[in-house]
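Undergrad: structure for the following, please:
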Amino acid sequence: NLLQPEFVINVGDIIEGYSEDKAELNAEWDEVDGMLDELDMPFFRTPGNHDIANEVAQAVWRDRHGATYYHFLYKNVLFLVLDSEDPPRVAPEGMDEKIALYNRLQTEDPAKAKEMLVEFMSDEAVVAALGKPVEFGEEQMAYIESVLEENADVRWTFLFLHEPAWENPSDNFKAIQGLLKNRNHTFFGGHLHYYDYDNIDGSEHITMGPAGASFHQEGPGNVDHLMWVTMTADGPQMGNIALKGIFDRKGLDPSLFGAYDRKGAESH
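TA: As a prediction, this is how the structure comes out:
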């Protein structure tokens, strides 16, 4: 709201999810939607594995938010939101219990929580799941082809999906890349909790870092941020803004940065 963009697009994983209890899932969405209601501008969702981890969660998503893949045009720019969980992958056993334990440990025993995350991320089943190519269902593939054909003359095409499918492309993701070959386009993904930039055949493929979630690996991509995109005549201009770098007109938040006296010296 301080920045006042025209609209906001998220790249997925807004709720913890992984439950098969509709009431629990709806309670999580109620909490999140209450926060999003504070936005002054439209908010567009991209489904992530936490958001639609199973058939029950998919049904809750559709009841509340509609389609899991869709598109819209704004000032002759095409925005195409894809569903990288089509169909949802089989979750590791007891995933919802593990998430609940991890979240509790982050408060009660942060060191133990970090150990748990390292152990989870090194689990053979998790490694195999992360390395599995992202597939897209036949109906979604037909939809993508139709949308691109109907919007062949747009200024630019932005594509959003949760899992960065270009890291280990499946045959149908390669087909999507083929459909985009002769048009200006940019991909945005998430999922890996680590910022990464790839230029593939002249097109930018960006994996967003988290915005408050846990870090899953060490390195410079560990940053809580949002990206500000401005569409220019020459293509998109992008600026990453670290969340810790934004504060309102009243100044730095004393609860985060310490209280300051009138001489500017920090007081404790």
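
Undergrad: off-centre distance for stretch 149-167?
TA: 15 Å (C-alpha atoms, centre = their mean, to the nearest Å).

Undergrad: now the end-to-end length of it.
TA: Across stretch 149-167, the terminal residues are separated by 26 Å (C-alpha to C-alpha, to the nearest Å).

Undergrad: start at 243, not 1
TA: Got it, the first residue is 243 from now on, which makes the last one we talked about stretch 391-409.

Undergrad: strand partners of whatever helix or strand Gln479 lives in, parallel vs antiparallel please.
TA: For Gln479, the enclosing helix or strand under DSSP states H and E is strand 477-484. With DSSP bridges as the test, strand 477-484 is paired with strand 467-474 (antiparallel).

Undergrad: which residues does stretch 374-394 contact?
TA: With contacts defined as C-beta atoms under 8 Å, 6 or more residues apart in numbering, stretch 374-394 is touched by 311, 313, 315, 320, 322, 324-326, 328-329, 331, 399, 403, 405, 407, 410-412, 414-415, 417-418, 421-422, 425. The C-beta positions use only the backbone N, C-alpha and C, and glycine is treated the same way.

Undergrad: the bottom helix or strand of the chain by mean pLDDT?
TA: strand 508-509 (a mean of 41; mean pLDDT, DSSP states H and E).

Undergrad: what ranges do the helices span in the protein?
TA: 264-278, 297-307, 337-350, 352-364, 366-373, 380-392, 413-421, 496-499 (DSSP state H).

Undergrad: let's have those in a markdown table, adding distance to Tyr436.
TA: Putting those into a markdown table (distance: least, C-beta to C-beta, whole Å) gives the following:
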| stretch | distance to Tyr436 |
| --- | --- |
| helix 264-278 | 23 |
| helix 297-307 | 24 |
| helix 337-350 | 18 |
| helix 352-364 | 11 |
| helix 366-373 | 12 |
| helix 380-392 | 26 |
| helix 413-421 | 20 |
| helix 496-499 | 24 |
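
Undergrad: buried stuff in stretch 408-426?
TA: Going by neighbour count (16 or more other C-beta atoms under 10 Å), the buried part of stretch 408-426 is 408-409, 411, 414-415, 418-419, 421-422, 425.

Undergrad: now do the same end-to-end measure for that stretch.
TA: 17 Å.

Undergrad: that stretch - what's its average pLDDT?
TA: Here stretch 408-426 scores 96 as its mean pLDDT.
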